[in-house]
Structure formats: structure tokens, C-alpha cells
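Participant: Task: produce atomic coordinates for the following.
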Amino acid sequence: MKLWKLSRKGPTNYGEYDSAVVAAETEEEARMVHPSPFKKDWDGIVTMYDSWVAPQKVIVEYLGETSRDISGVIVSSFNAG
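Facilitator: As a prediction, the model looks like this:
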């Protein structure tokens with residue numbers, strides 16, 4: 001499994017995630033992971049009450065490989081208000 005750093009284009013406000021490290025097979029799979037531990041995948045719908053950005057506004061950086069068979073969010077950064 002590969003590790004990816006997700007960050008968002010543009011500013012971050014209170015009550016929003018600014019970044020995460022996730023485990024996924026591909027860059028596109030990583031892009032669709034929502035940083036919240038309460039959402040399995042990002043559904044791509046952005047509302048005024050959401051805490052993340054649309055997939056096309058996610059910056060994905062490859063970090064390396066993991067020897068464990070894991071997937072999803074490893075750690076995320078949330079800006080509490």
C-alpha cells in the first residue's frame with residue numbers, strides 16, 4: 001500500500017481539515033479519501049457545512065510505501081474553531 005499526503009488548495013477556515021496522510025493504492029483513490037474518521041470516502045458533494053474540499057481541489061503527494069496492509073486515513077489535521 002502507498003502513503004499519500006493530502007492537502008487542500010486555497011485557504012482553510014475554522015471547522016475544516018487542512019491535510020491528511022492516507023494509505024491507498026493509487027493517487028486517484030487517495031484523492032477520494034475524506035480526512036474525517038467518520039466518512040469512508042468522499043462523495044464529491046460540497047455543501048456550506050462541509051469540512052473538506054471537492055476532489056479536484058485536493059493536492060496529492062506521494063510519500064512512500066507501507067509494509068502493512070492498511071487503507072484509509074492514517075492521520076489528519078483539523079482546525080477547530
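
Participant: how would you label Gln56: helix, strand or coil?
Facilitator: Assigned by DSSP: H, G, I helix; E, B strand; the rest coil, the conformation of Gln56 is helix.

Participant: Quick one: the helices in this protein, in order.
Facilitator: Counting by DSSP state H, the chain has helices at residues 27-31.

Participant: tell me the centre residue of it?
Facilitator: The chain has Pro35 as the residue nearest its centroid, 4.1 Å off, counting by Cα atoms, centre = their mean.

Participant: do you know how far that residue is from Ser67?
Facilitator: Per Cβ to Cβ, to the nearest Å, Pro35 is found 23 Å from Ser67. All C-beta atoms are positioned from the backbone trio N, CA, C, and that covers glycine.

Participant: Just the buried positions in stretch 15-35, please.
Facilitator: 16-24, 29-35 (16 or more other Cβ atoms under 10 Å).

Participant: now do stretch 50-62
Facilitator: Under 16+ other Cβ under 10 Å, the buried positions of stretch 50-62 are Asp50, Ser51, Trp52, Val53, Pro55, Val58, Val60.
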